[in-house]
Structures are given as structure tokens and as C-alpha cells.
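K.L.:
have a look at this prediction, sequence included:
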Protein chains: 2
Amino acid sequence: MQFFKFKQSGVCIVITIKEIADMLGISTTTVNNVIHGKTNQVSQKTIEKVQKVIEEYEYVPNMNARNLAQNKSKIIGFAMKAKSEKYEKNALKDTFISELVGAVEKSLRISGYFLMIYISEDLKQIINYVSTWNVDGLILFGMIGDDCILLKSKVSKPMVFIDSYFSEEVMEYINVGLKDLQGGYDITRYLLDCGHRRIGFVADNCLGADKERFLGYKQALREQEIAYRDKDFFLITPGEKELEKCLKDLLEYTKGYTALFCVSDYYAVIIMNYLRDHGKRIPEDISIAGFDDNAYARIVRPSLTTIHQDVSQKGEIAVEKILKLVNGEDIEERIIILPTELIVRQSVKMLKK
Amino acid sequence: MQFFKFKQSGVCIVITIKEIADMLGISTTTVNNVIHGKTNQVSQKTIEKVQKVIEEYEYVPNMNARNLAQNKSKIIGFAMKAKSEKYEKNALKDTFISELVGAVEKSLRISGYFLMIYISEDLKQIINYVSTWNVDGLILFGMIGDDCILLKSKVSKPMVFIDSYFSEEVMEYINVGLKDLQGGYDITRYLLDCGHRRIGFVADNCLGADKERFLGYKQALREQEIAYRDKDFFLITPGEKELEKCLKDLLEYTKGYTALFCVSDYYAVIIMNYLRDHGKRIPEDISIAGFDDNAYARIVRPSLTTIHQDVSQKGEIAVEKILKLVNGEDIEERIIILPTELIVRQSVKMLKK
DNA sequence: TTGAAAGCGCTAACAC
DNA sequence: GTGTTAGCGCTTTCAA
């Protein structure tokens, strides 16, 4: 039985290859060939006939069918672990994440791929997600060593990591990272050069990139023969209430310091505003330095002295790499380390020596 | 021929229903029934056997196959038009958008749906996207009247609009909106109450929500019998260079005004910083008011007097509505209008009367 | 230059 | 309780 669909205004019909073939009394193979531009196999006449119908009926391929048949999708997954409370609410409220995702989205779109975001605390769910959608490739943010190993062992699809650190011996990973240690060193060095001697380090963990920044901080201290004491690491806890408590503690804590190096602008800005709202003058009473140079850094007053990184570039490179892998191309540079730059603004006071 | 897959460490195998059935010497229907919890049809013994294999081999359904068979997906599309230059680069750099998308992502994730973002200047591409992925539902942001009509005529899937305005007679639309006019009125009224008489309005267009805010602005002026002149509308142009030029013009323009009502905090903050960097004191030389109460509003100094809206709530409601529609449930409230609230901070000067 | 047909993995109507 | 089977729309091999 032949079944023809007729174009009607106001009614939404999706036409299939088979229907086009039936309408024209030809085979699906031929229609398919025209759709895929394998026109050397098809007569000019047929091509035109088919194209006319395609246009008129606005044929659009069914991705699910295509993917099923080809065992692939046009989807690149962007997966991240929802670190505890921090991102459980709304990961994209962190401008770092949103800029990164935005850059990835845009790059993929330009290349004809689709982005699917997947956020979960549970790595197993992320792994399931990959196979359930048969994602062509995965961009992973914020994974630490063990995660990477598990992922590598469970996922056979191409993967590109962003901001991950893993041991040297497993170099088959692809990672787009940053000179985190260098950045941590540079900003601490700057604080030291400004005459600061009591410098607190603020972070919500000591893993991955944050750990590297911390190591850079310690290295700079060491060079100036300043002893690092455990209490110089101020651990902040994400999550509404916990954060509130931390900030309160911090108010007391800062009394022993002239400067604070916050591992990210995200926290630097929160802390800066909190301290100021509680009577501290910045940078007169306490200097604040950040890391990332996010959108807030320029906007807060005093504007934030920080380490700049190009977040969009991270996303773009990650996409470039993943698409190469998806297309079976070889990747020469597997570990990309982007540079950092010290941005001196107004949140750090120059102490008299 | 039977084909068994064996679980091996380090190798990633995806098992199918058919394979489970073959391994156990039962039918796919039975396996399927167990997977879908239709256990009243299956003996306890079989259930256990199947569940054991599912667990051991980590069965995960193939979405493409499932979607194809069921003629649906678990995807909700979030589509927006890339307004000219503004979002072409990275839409998520606008905190309004990223918070909205983040909230949508989170709500969908909790409900077991997947989000696919689709940004395009071209509405036709958005329409194609819907059918190519057979998206279950669409959340649309930033569409104006004509867009909505076209979408309605071309897309048969459930749709929920965010921040759209359309004429009264087409009430079958679902829209999650805001008291934009009221908000525009309130903030202008506040400026007037502070003694301002020359108030400029700044926006990059005069459509949709921005238009409503503009109408609110005009209404407040009218009430105080202040004449609105065309030149009181300062049109700003997005895009790197154009924006730069606009800001320069604005510097001159502000001479005729004591206050500026910017249609969004996004612009308010940019303008505020620019003016200050060029020697204007805020609010002494010129007062600035915004709209949205985004993350920057609290952070800039002087902090921004603005109209608050709950962006995450918009996203959450949109998801709630779209899922109801997807599930064939009835929607009682089709036009949701969220409230606004005046937030007085420090960017507006109280003039002596 | 064109066509027939098998198959991707899952679902669901129907039969036993 | 369990099994058979036809399809979802597209791709692709092989044959004509």
C-alpha cells in the first residue's frame, strides 16, 4: 500500500525516506544516495525529482534511526561531577563552568555536532549515560586521577579531559589544562614581592588543579624561606549554610594574615564582599588575590588581582581534539597546557618593607 | 547462532536485550518485562535470573533504539535565537541565560530527562532540530510574536515559552513570563521619587520583555506629567566594536540626564563601569538603575539598584509545565507571570527636591 | 543506474 | 508466564 502525505499549512508532517521513495516509485537506496550526495550513482533526472520532494516536504533525517543504523550519534557529551553541594544546585551559576560550556556548545554547533550536558555526583551514572546515548565522544571536566582511570576502563569512546591531572605513566589521556602550579606560584610571588609575609591559602579541596595551585603557593613561600604551616590552608566548604559558617570563621582567621590567596575568583569575590560587609577594608586591612580572572574580577571593587586564564579557549581546544578523535585522526599534542598571566588590579596592597 | 559476551575488565562491552534473552534461553519480551518492572507477568525465578545478568553485565538501554521504537525521545530541547552579535559568541556568558539553562538542566535531570541546547539565528534550523531529534518538548527563550506563530504552525511537539509576549487571542500558548511592565514602572517610579526628571532609557531593542519594560517606564513618566521624547530612548548595539562606539556616544549623551534606566543589569553593569572609567562618578554624576538583579548587581560598586526577578524559578516552572504537557496532563495555568521586586541599593542618588 | 533486503536494538500486539 | 514477530527510519551490502 502506498501512503502519501500531503503538505498542508498548519499541520506538521515528517516525511521519511521510504515515503519519498514510494511517492516517486523508486527505491530507498536511491533516495538515500541523493540525500548523501552520492550523485555519481544517480541520474540527473532522478536527482532533481528527489531533491524537489525533499525540499517541498522539508525532509529531515530521523537522528534516532540514523544513529541506530550507524552505531553512532552526533552527540558529544559534556560531563562533570557535581562536587558535593557546590554544583548540586545550578552548576552554570559558576561563570567558569558556564563560559566553558558556552564555548563548547558554540564550537560543536559550528561543526554540526550536538551537545548534551550531563552532571552527576556519580561516575557510574556518567558512564551509563555514555552508552545509553551512544555518545560519539566525551568532554570531561573536573575529574581526578581515579575517575580518569575508571572512565578509561569503562568507556571505549573518545574522551578529552579538561583540567585533570593524572600520573605520568598513563600518557594516553588527552587533557586540556593550565599552568596551574605556575599560576599559583606567580600570584604568591607577587604577594611576597608586595611585602606580604603572612599569606593564607583558601580552597574547598586539595585535588587536581587546586592542588597544583597550592603547590605553586608553597613553592613560592619556600623560596622566600617562609615556613608553611598547616593552618595556613583555610578549607572552605560549599553549600549555603556551611559556607556562611566558613565565612564567619574566616573573619576571625584573617586577623593573623595580611593577604589571602583564594584558589578561584569565585571564592575570592564571595570572600571579599563578605569581609567588606563585616567592616574589613580591602586591601587596607587585608589583601585578596584570586585565580581565573573571571567576569566578576573586573567588576568587583576593588577590582581583583588575579591570574588570568582563557576559559573559552579551553573549551574550543577540547572540542577540536574530541572531533579529531571522533574522526579517527591522530592527535599529536595530547597534553595541552595553556599559559597563565598575572593580572595586577587593586585588591592587593603594597606593604612598606 | 548464539553469541555470548563475557565481562572482562578493561574492555567495554554493551549488552543488548536480545543477548540477555539468548544467554538465558528466554524471549526478549520476558527480558523487556523485567526491565520495565512488569513483574506480575513473570515468575520470580525468571526475574531473578534476568536481574542478575542485567547487573553483572551492566545492561543499559540503547536510547536510539528505544526512541525509534517508541517514537519519542527523553530529550527536551532548550532553543533560543542568537540575537545578532550578542549571543553569537557565547550565549552562556550572559548570566541570565546561564542561570536559566542551569536551572532547566537541573530540573530535567531530576526528572530523568535530557537537555539539548540549541542556539541559532535561524528559526527554521530550530524547527529542523526538533524533528531531527524528535524532541519530546521544547522550551523556547526570547521568541517574539511572529516566531511563536511560525513555531506553533510547524512544530507539533509541546512547547513552553519563556519571556515571550503574544497577542491575547492566541491563548493556547504556554508562557512563563514576568511582570515586566510593572517592573519597568516601579523602577522608573523610584527614580522619579528620588527627584530625577531627566531619565534615559537604554536597551538594545524594543521587543518582547524589553518593550514592556519600556512601556512601564513611559507610563511612570506620564503619570508625573513628564514628556517622553524619542531621544530619551538610547539604543545600544551589541557586538564588540559597535558596543564600544555606543558607550562612547553614551558618555556624551548622559550629559542631558541625571539617571539612566538600563533594561537589563547586563548592560547596566557594562555602562556603569565604562562611565566610571571615563571619569563619571556614580551615582553623584549620574544614577544608574538596572533590571534583573543578576549576580553582578550585588557585586558591582556602587551596588546596583534594580528590579529583582527569580530566574531559576522561571526555568523550573518551564520544566514543570513542559513535562506535564509531555505526559499529556492538563495545564490549568497557561500564562504564568512571576512577580518583580524593587531592590534599592546604591547606584541611584537621592536628589534634593 | 537502480533495487531488494537484512539489520541496528527495542517495543508491543498477539499468540500460545 | 512466556514466546513470536512485525515494525520504528535509516544504512549498506549485494545483486540486477
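P.N.:
That came through, no problem.

K.L.:
where's the most centrally placed residue in chain A, which helix or strand?
P.N.:
Residue closest to the average C-alpha location in chain A (Cα atoms, centre = their mean): A:L100, at 4.4 Å. Per DSSP states H and E, A:L100 falls inside helix A:95-110.

K.L.:
any idea how far the following helix or strand past that helix is from the chain center?
P.N.:
Scanning forward in sequence from helix A:95-110 by DSSP H and E, the next helix or strand is strand A:114-120. Here strand A:114-120 is found 11 Å from its chain centre; the criterion is Cα atoms, centre = their mean, to the nearest Å.

K.L.:
return strand A:114-120 as CSV; C-alpha atoms alone will do.
P.N.:
The C-alpha coordinates for strand A:114-120 follow below in CSV (Å, rounded to 0.1, in the frame of the first residue of the first chain):
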residue,chain,number,x,y,z
PHE,A,114,25.1,18.4,19.4
LEU,A,115,25.9,19.0,23.0
MET,A,116,24.4,17.1,25.8
ILE,A,117,25.3,18.2,29.3
TYR,A,118,25.4,15.6,31.9
ILE,A,119,26.1,16.4,35.5
SER,A,120,26.2,13.9,38.3
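
K.L.:
if we can go back for a sec, next, the contact list for the residue nearest to the centre of chain A, please.
P.N.:
A:F141, A:I162, A:V311, A:S312, A:K314, A:G315 (Cβ atoms under 8 Å, 6 or more residues apart in numbering or on different chains). No exception for glycine: its C-beta is placed from N, CA and C like everyone else's.

K.L.:
against DNA strand C, how distant is it?
P.N.:
To DNA strand C, A:L100 is 32 Å away according to Cβ to the nearest atom of the strand, to the nearest Å.

K.L.:
ok, A:I144 touching A:D210?
P.N.:
No - using Cβ atoms under 8 Å, A:I144 is not in contact with A:D210; the gap is 10.2 Å.

K.L.:
what does the one helix or strand A:I54 maps to contact?
P.N.:
Per DSSP H and E: A:I54 is located in helix A:44-56. Outside helix A:44-56, the residues within contact range by Cβ under 8 Å, 6+ apart are A:7, A:15, A:20, A:23-24, A:26, A:30-31, A:34-35, A:39, A:42, A:59.

K.L.:
buried stuff in the helix or strand following that helix?
P.N.:
Going down the chain from helix A:44-56, the next helix or strand is helix A:63-70, by DSSP H and E. Neighbour-count burial for helix A:63-70 flags A:M63, A:N64, A:A65, A:N67, A:L68 (criterion: 16 or more other Cβ atoms under 10 Å in any protein chain shown).

K.L.:
I'd like those residues laid out as TSV, including distance to DNA strand C and pLDDT.
P.N.:
What follows is the buried residues of helix A:63-70, written out as TSV (distance: Cβ to the nearest atom of the strand, whole Å; pLDDT from 0 to 100):
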residue	distance to DNA strand C	pLDDT
A:M63	12	96
A:N64	8	95
A:A65	7	96
A:N67	8	95
A:L68	4	94
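
K.L.:
got TSV for those, with distance to DNA strand D too?
P.N.:
Formatted as TSV, the buried residues of helix A:63-70 follow (distance: Cβ to the nearest atom of the strand, whole Å):
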residue	distance to DNA strand D
A:M63	8
A:N64	7
A:A65	3
A:N67	8
A:L68	4
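
K.L.:
tell me which two of the residues you listed sit farthest apart.
P.N.:
A:M63 and A:L68 (9.3 Å; Cβ to Cβ).

K.L.:
check which helix or strand the single nearest residue of the stretch 151-300 of chain A relative to DNA strand C maps to.
P.N.:
Relative to DNA strand C, the nearest point of the stretch 151-300 of chain A is A:S156 (13.2 Å; Cβ to the nearest atom of the strand). For A:S156, there is no helix or strand it lies in under DSSP H and E.

K.L.:
ok, it - how many residues close by?
P.N.:
Number of residues near A:S156 (other Cβ atoms under 10 Å in any protein chain shown) recorded here: 13.

K.L.:
buried residues of the helix holding A:I54, list them for me.
P.N.:
A:T46, A:I47, A:K49, A:V50, A:V53, A:I54.

K.L.:
ok now that helix, how far from the chain's centre?
P.N.:
Using Cα atoms, centre = their mean, the offset of helix A:44-56 from its chain centre is 43 Å.

K.L.:
repeat that for stretch A:127-135.
P.N.:
Chain-centre distance of stretch A:127-135: 19 Å, with Cα atoms, centre = their mean.

K.L.:
quick check: mean pLDDT across it?
P.N.:
Taken as a whole, stretch A:127-135 carries a mean pLDDT of 93.

K.L.:
is DNA strand D within reach of it?
P.N.:
No - Stretch A:127-135 does not reach DNA strand D (Cβ under 7 Å from any atom of the strand); its nearest approach is 12.7 Å.

K.L.:
alpha carbons of that stretch, in CSV - could you do that?
P.N.:
Provided in CSV are the C-alpha atoms of stretch A:127-135 (Å, rounded to 0.1, in the frame of the first residue of the first chain):
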residue,chain,number,x,y,z
ILE,A,127,29.3,6.0,32.3
ASN,A,128,25.8,4.8,31.8
TYR,A,129,24.9,7.9,30.1
VAL,A,130,27.6,7.5,27.5
SER,A,131,26.4,4.1,26.5
THR,A,132,22.7,4.8,26.7
TRP,A,133,23.1,7.7,24.2
ASN,A,134,26.0,6.1,22.4
VAL,A,135,27.7,9.5,22.6
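
K.L.:
what's the spacing between stretch A:29-44 and its chain's center?
P.N.:
In terms of Cα atoms, centre = their mean, the centre of stretch A:29-44 is found 40 Å from the chain centre.

K.L.:
just the endpoints, please. Distance across that stretch?
P.N.:
Chord length of stretch A:29-44, first to last residue, is 16 Å (Cα to Cα, to the nearest Å).

K.L.:
please see if that stretch touches DNA strand C.
P.N.:
Yes - contact of stretch A:29-44 with DNA strand C (Cβ under 7 Å from any atom of the strand) involves A:T29, A:T30, A:N33, A:N40, A:Q41, A:V42, A:S43.

K.L.:
A strand includes the first one, no?
P.N.:
No - if the criterion is DSSP: H, G, I helix; E, B strand; the rest coil, then A:T29 is helix and not within a strand.

K.L.:
are we agreed that A:R298 is in a strand?
P.N.:
No - per three-state DSSP, A:R298 lies outside any strand segment and is helix.

K.L.:
ok, back up a step: does the helix holding A:I54 come close to DNA strand D?
P.N.:
No - figure legend: helix A:44-56 not in contact with DNA strand D (Cβ under 7 Å from any atom of the strand); closest approach 10.6 Å.

K.L.:
what's the answer for stretch A:322-338, then?
P.N.:
No - judged by Cβ under 7 Å from any atom of the strand, stretch A:322-338 and DNA strand D are separated, with a smallest distance of 14.1 Å.

K.L.:
list the contacts of that stretch.
P.N.:
A:76, A:111, A:113, A:136-139, A:158-160, A:171-179, A:309-310, A:313-314, A:317, A:321.
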